[in-house]
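> return atomic coordinates for the entry below.
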Amino acid sequence: MTHTPNSAAPPGTAAPGLPAVPAQRATAPAPAPAPSGPASPTPPAARRTAFAEGADRLRRAATTEPGRLRIIGAVLAALVLAFGAVTAWQMTDRAAAADDVLTSSQPLTSDAADIYRSLADANTAASSGFLAGGQETAASRDRYENDIRTAAAKLVNAAANSDPGSSSAETITELNRLLPEYKGLVERARTYNRQGFPVGGAYLRYANEKMQQEMLPAAEKLYTTENRRLRSDYADATPYPWAAMALGLAVLAVLAWAQRRTYLRTHRVLNHGLVAATAAAAVVLLWLTAGHTLSRSNLNDSYDHGVRSLDVLHDARIASLKARGNENLTLVARGAETTKVGEETYDAYDYDFGRDMDVLAKGLARAERLADDDSGAEPVTSAVSNMTEWKKRHAAAREQDENGNYQQALDMVIGPKGATGECFDSVDKNLATALAHEETEFRQAAGDGRDALTGLPLGAAGLAVLGAAGAVLGIGRRLSEYR
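You can find the predicted model right below:
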């Protein structure tokens, strides 16, 4: 009987009597072939900028009351500090310009006018001494020497205070070159005149030509340049500080809004820190407005009743000096120099004398109108009377000269008594008195204008720091309530 197994043989084993059959393995599907070439990296996510992250944090902070308070505190402190900085900056510039008006540009303008006056007076003294012949007086000689020394000293001072390479420096250098040349010509004229040589008159006329055509125009240019600089300093010192004022009003408005906001949320009437900040800002604004207004008023007064009067008086004094020089040279030249006006021929120096006297008359009339008190008006009025008498005596002297009475004409011009020289000296003395008075008024008004700004820049900066600290402390007090 055949035996049948009850179960199948395990795989890989052979049944009895049969050959073994190899077992079949389960295999996974083969992976897909990898693509050829390098693998592509995955791009990193873009990072946000610090500004964007800061803006997000600021937006999140603004949604909470503590965050809003921190922002308000920072804005208030920044505004108060900016107000103080702008005020200090603008007031520093104006204070410096006001100081320049008082201590630099106006004194240099006066020095330039003195240079012109000294040169013109030296020329007048030289011609007066020449007319005296070999008997030149010690007073005439001393006057000439003093004028030359004054001009030289003023030129040194002007050179020390002028900017290197500037127009003023070039003009001063030119005058320093011309002054020795002029002195040499005058000395030659005197030497020949004492020896009785007629060529002395030619040297004096040449010296006068150098003075009138080169030196005095250069001195006038220096005066004009320094006067322009003075007006520029006034323009820098007097404008209102609109930026600081507008910022101050804005700061007060923002502080008022912050305090109202605090009151509406807490029902507390006062926040001590914000009140302190408001008080500091208000003090700076009031100080700024009052101080600059007072300074501007005094500086304008120093210009209207000081500088303008000084300019007119300087011009009048120079005109009188030129007139006196031309009057003397009329006698020195004895008709050798003529000028033609239209169809008429005139003595050149006498014609220039008439023009100079017209300038003097107009200048004195303007000076009388500008004088704002009796002390300033009286010397000008006296100068007008002296000028009127001068014209009368000059006309009489010219009549004698034209009639051939040269010695009589000479005595009426440079004589010891009743001469035109007395009138000229009186005009010059009265104008010097008026100039001294106006100089005092200028210094008083300009000094008050400068002093009105004393301490304002530093005070504004200090109060601004205190105000900013008050704003931060006031907001900090509110923040402490949320901790």
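
> low pLDDT regions in this structure?
By pLDDT under 70, the weakly predicted segments of the chain are 1-48, 58, 61-62, 133-136, 335-336, 483.

> could you pull out the strands in it for me?
338-341, 344-347 (DSSP state E).

> most tightly packed of these?
Most buried of the strands of the chain by mean neighbour count (mean count of other CB atoms under 10 Å) is strand 344-347; its value is a mean of 14. To be clear about C-beta, it is placed using only N, CA and C from the backbone, and glycine gets the same treatment.

> tell me the phi and psi of residue 240?
phi -70, psi 140 (degrees, to the nearest 10).

> relative to residue 249, how far out is it?
13 Å (CB to CB, to the nearest Å).

> switch the strands of the chain over to CSV; also include distance to residue 141.
Shown next, in CSV, are the strands of the chain (distance: least, CB to CB, whole Å):
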stretch, distance to residue 141
strand 338-341, 31
strand 344-347, 27
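
> looking at those strands, which is nearest to residue 406?
strand 344-347 (13.6 Å; CB to CB).

> packing partners of the closest one?
strand 338-341 (3 or more CB pairs under 8 Å, 6 or more residues apart in numbering; DSSP states H and E).

> my read: residue 275 touches residue 259, true?
Yes - with contact defined as CB atoms under 8 Å, residue 275 reaches residue 259; the gap is 7.4 Å.

> neighbour count winner among the two?
residue 259 (19 against 15; other CB atoms under 10 Å).

> what about the closest residue to that one other than its chain neighbours, distance to residue 87?
Nearest residue to residue 259, sequence neighbours excluded (CB to CB, 6 or more residues apart in numbering): residue 274, at 5.0 Å. Distance of residue 274 to residue 87, computed by CB to CB: 20 Å.

> again with residue 337
63 Å.

> residue 386 now?
52 Å.

> is it true that residue 303 touches residue 235?
No - under the criterion of CB under 8 Å, residue 303 makes no contact with residue 235, lying 10.5 Å away.

> those two: which is more packed in?
residue 303 (22 against 10).

> residue contacts, the residue nearest to that one when sequence neighbours are not counted?
With CB to CB, 6+ apart as the criterion, residue 303 has its nearest non-adjacent residue at 5.8 Å, and that residue is residue 234. Contact analysis of residue 234 by CB atoms under 8 Å, 6 or more residues apart in numbering lists 97, 101, 299, 303, 307.

> which helix runs longest in the chain?
helix 65-100 (DSSP state H).

> and that helix, which residues are buried?
Neighbour counts over helix 65-100 (16 or more other CB atoms under 10 Å) mark 67, 69-70, 72-73, 76-77, 79-84, 86-92, 94-100 as buried.

> next, count neighbours for residue 53.
Residue 53: 11 neighbours (other CB under 10 Å).

> roughly how far does it sit from residue 72?
22 Å.

> next: residue 248.
Separation of residue 248 from residue 72 (CB to CB): 19 Å.

> how about the spatially most central residue of the chain, what does it touch?
In the chain, the residue lying closest to the centroid (CA atoms, centre = their mean) is residue 233, at 2.8 Å. Shown in contact with residue 233 (CB under 8 Å, 6+ apart): 97-98, 100-101, 104-105.

> kindly report the same for residue 437.
Here residue 437 is in contact with 375-376, 379 (CB under 8 Å, 6+ apart).

> which among those gets closest to residue 449?
Of the contacts of residue 437, the one sitting nearest to residue 449 (CB to CB) turns out to be residue 376, at 19.4 Å.

> next, count neighbours for the closest one.
22.

> go on, residue 153?
The burial count for residue 153: 14, using other CB under 10 Å.

> next one: the one 5 residues further on
When neighbours are defined as other CB under 10 Å, residue 158 has 22 of them.

> what does the one 3 residues further on give?
Number of residues near residue 161 (other CB under 10 Å) recorded here: 14.

> ok, now how distant is the nearest residue to it once chain neighbours are set aside from residue 147?
Using CB to CB, 6+ apart and skipping the chain neighbours, the partner closest in space to residue 161 is residue 108 (5.7 Å). For residue 108, the distance to residue 147 equals 19 Å [CB to CB].

> which of these two has more neighbours?
Set residue 108 next to residue 147 and count neighbours by other CB under 10 Å: residue 108 wins out with 24 against 21.

> show the contacting residues for the more buried one.
Per CB under 8 Å, 6+ apart, neighbours of residue 108: 158, 161-162, 226, 229-230.

> ok, these vs residue 352, which is closest?
Using CB to CB, those come closest to residue 352 at residue 226, 26.2 Å.

> wait, the closest one touches residue 112, no?
Yes - counting by CB under 8 Å, residue 226 touches residue 112, with 4.7 Å between them.

> need the overlap of contacts for these two.
residue 158.

> quick one: the helices in the stretch 251-400 of the chain?
272-302, 308-333, 348-370, 374-402 (DSSP state H, counting those that start in this stretch).

> distance to residue 417 for those helices - can I get that in a markdown table?
Shown next, in a markdown table, are the helices of the stretch 251-400 of the chain (distance: least, CB to CB, whole Å):
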| stretch | distance to residue 417 |
| --- | --- |
| helix 272-302 | 42 |
| helix 308-333 | 17 |
| helix 348-370 | 22 |
| helix 374-402 | 11 |
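
> out of those, which is closest to residue 481?
Among those, helix 272-302 sits nearest to residue 481 (CB to CB), with 13.5 Å.

> which helices and strands sit right next to the closest one?
Packed next to helix 272-302, using 3+ CB pairs under 8 Å, 6+ apart, are helix 65-100, helix 216-237, helix 242-266, helix 420-451, helix 456-480.
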